[in-house]
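Visitor: No letters, just coordinates:
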């Protein structure tokens, strides 16, 4: 098998796994949800006042908990990032985690789109914000736990990552946040 055929097979496998993950999430939403409470932050609160459980989480390992409370701000961050990455022409596939040049060029990586969205919604960047963590979890799931130094940057920069993959992990994160917000309203 040639290298190109091997790469093509890997891309097909990855996309198939992403599709399966998306279907599994849809099916799991049909199950009886476990009731969770969401953080309640008044809309008029200062942006820096809502840093998504930061003060409540003393152990950094707790950032890796997948069912932390979500807020409307988390949903807004993901929607804004998805809007910023509206099509492939505005995607920077070579992330260096320095976002100033992305802004100047009008092309953003996954990380820089989430960074900008977080600042626009909250007024500050919150690295371990639930919204951003949900995207990281989607990356872990789609790459089957592949070890990355920086999940968002390294996933963005993988040669086999396509723009559709970037949009797919955002969609998975959006779905998770929406479901948890809906559950908290019940």
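Guide: Arrived safely, thanks for sending. In this text the structure is predicted, and so the values were computed from the model without any measurement.

Visitor: And the closest residue to residue 109 other than its chain neighbours, how close does it get to residue 102?
Guide: In this structure, residue 109 finds its nearest non-sequential neighbour in residue 95, 3.4 Å apart by CB to CB, 6 or more residues apart in numbering. The C-beta positions use only the backbone N, C-alpha and C, and glycine is treated the same way. Between residue 95 and residue 102 the distance, using CB to CB, to the nearest Å, works out to 8 Å.

Visitor: Which of those two has more residues huddled nearby?
Guide: Taking other CB atoms under 10 Å, residue 95 and residue 102 do not tie; residue 102 has more neighbours (24 against 21).

Visitor: Find me the pLDDT at that one, would you?
Guide: Residue 102 is assigned 92 on the pLDDT scale.

Visitor: if I read this right, it contacts residue 108, doesn't it?
Guide: Yes. With contact defined as CB atoms under 8 Å, residue 102 counts as touching residue 108 (4.6 Å).

Visitor: what about this protein, any weak spots by pLDDT?
Guide: Applying pLDDT under 70 to the chain picks out residues 2-63, 65.

Visitor: Look up how far residue 171 lies from residue 68.
Guide: Taking CB to CB as the measure, residue 68 falls 20 Å from residue 171.

Visitor: Among those two, which residue is more densely surrounded?
Guide: Taking residue 68 and residue 171 together and counting by other CB under 10 Å, residue 68 has the greater number of neighbours (21 against 16).

Visitor: does the more buried one sit in a helix, a strand or a coil?
Guide: Taken by DSSP: H, G, I helix; E, B strand; the rest coil, the conformation at residue 68 corresponds to coil.
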